[in-house]
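Student: sequence first, predicted coordinates after that:
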Amino acid sequence: MIEMSTILPVFPSTGSIPPACFYDRQGLANWLNQNPTYKNYFIQYPDVFPNLYPMTSTLSSVGYSTQNVPLASNVTTLTQNQAMKYNEQLELFRTVYVYNSNAYTNYVQTGTIPAYFRFQTYRDRNEFKASVSLVNKLYPFQAMAYGTNESGSTLGWIVPFPM
C-alpha cells in the first residue's frame, strides 16, 4: 500500500470537495444564509444571486453588507408529485456522488486508479443526468468553483470526478 500522498482540504476550505450531505432540497442559498461569510464569493454571479452586489462607497454608506442579504432558493414551491420526484433525483445524485467522491479520495490518498460509478442502463444514466441538472439549479457548480470575493480570492469548491 502506498503512503497517503495528499490530504484533501476539508470543506468549506478553498479547493475542497463539498460532501454529499451538502446537497439537499434547500440549495446553496440556504447554506449561504447559514454561513454568510461565504456570500461575498458569489457577487459576480447576478444571474444566480441577483441581490448580492459588490461593495461601493454608496452601499457602504447605507450599511449594505452581503452577509445580511437573505437569499432565496431557486426551487420554492413544489406539488407533492414534484417533491417526490425531486427527492428521488437528489437521492440518486447523492448515491453516485458519494461513490465517485470515495473513488477520487482513495485515488488521491493511495494512488489507486479510481473506478467511478457505472450505470447499468441508458435509462439510469439519463435519470442521473436529470438529477445533475436539478442539482445544478440549486448548486451552481460554475459559481462554486470560480467565485471570487472582492479581494480576488477564489472559493474553488470543486467536483473533480465525473458528473
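Tutor: Thanks, I have it. Numbers count the residues shown, from 1 in each chain.
Student: for P70, which non-adjacent residue is closest in space?
Tutor: Once flanking residues are discounted, P70 sits nearest to N33: 6.3 Å by C-beta to C-beta, 6 or more residues apart in numbering. To be clear about C-beta, it is placed using only N, CA and C from the backbone, and glycine gets the same treatment.
Student: for Y97, see how far away the nearest residue to N30 once chain neighbours are set aside is.
Tutor: Among residues not flanking N30 along the chain, S73 sits closest, at 6.1 Å (C-beta to C-beta, 6+ apart). Applying C-beta to C-beta, to the nearest Å, the value for S73 to Y97 is 19 Å.
Student: which of the two has more residues huddled nearby?
Tutor: Y97 (24 against 14; other C-beta atoms under 10 Å).
Student: SS state for that one?
Tutor: Put simply, Y97 is helix when judged by DSSP: H, G, I helix; E, B strand; the rest coil.
Student: excluding chain neighbours, what is closest to it?
Tutor: Spatial nearest neighbour of Y97, excluding adjacent residues (C-beta to C-beta, 6+ apart): A20 at 4.9 Å.
Student: for the one you found, the count of nearby residues, please.
Tutor: A20: 18 surrounding residues under other C-beta under 10 Å.
Student: what of T58?
Tutor: What T58 shows, counting by other C-beta under 10 Å, is a neighbour count of 8.
Student: quick one: the helices in the chain, in order.
Tutor: Remark: helices assigned in the chain by DSSP state H are 27-34, 57-61, 80-110, 122-138, 141-146.
Student: name the helix or strand of this structure that has the lowest mean pLDDT.
Tutor: Each helix and strand of the chain was given a mean pLDDT (mean pLDDT, DSSP states H and E); the minimum falls on helix 57-61 at a mean of 70.
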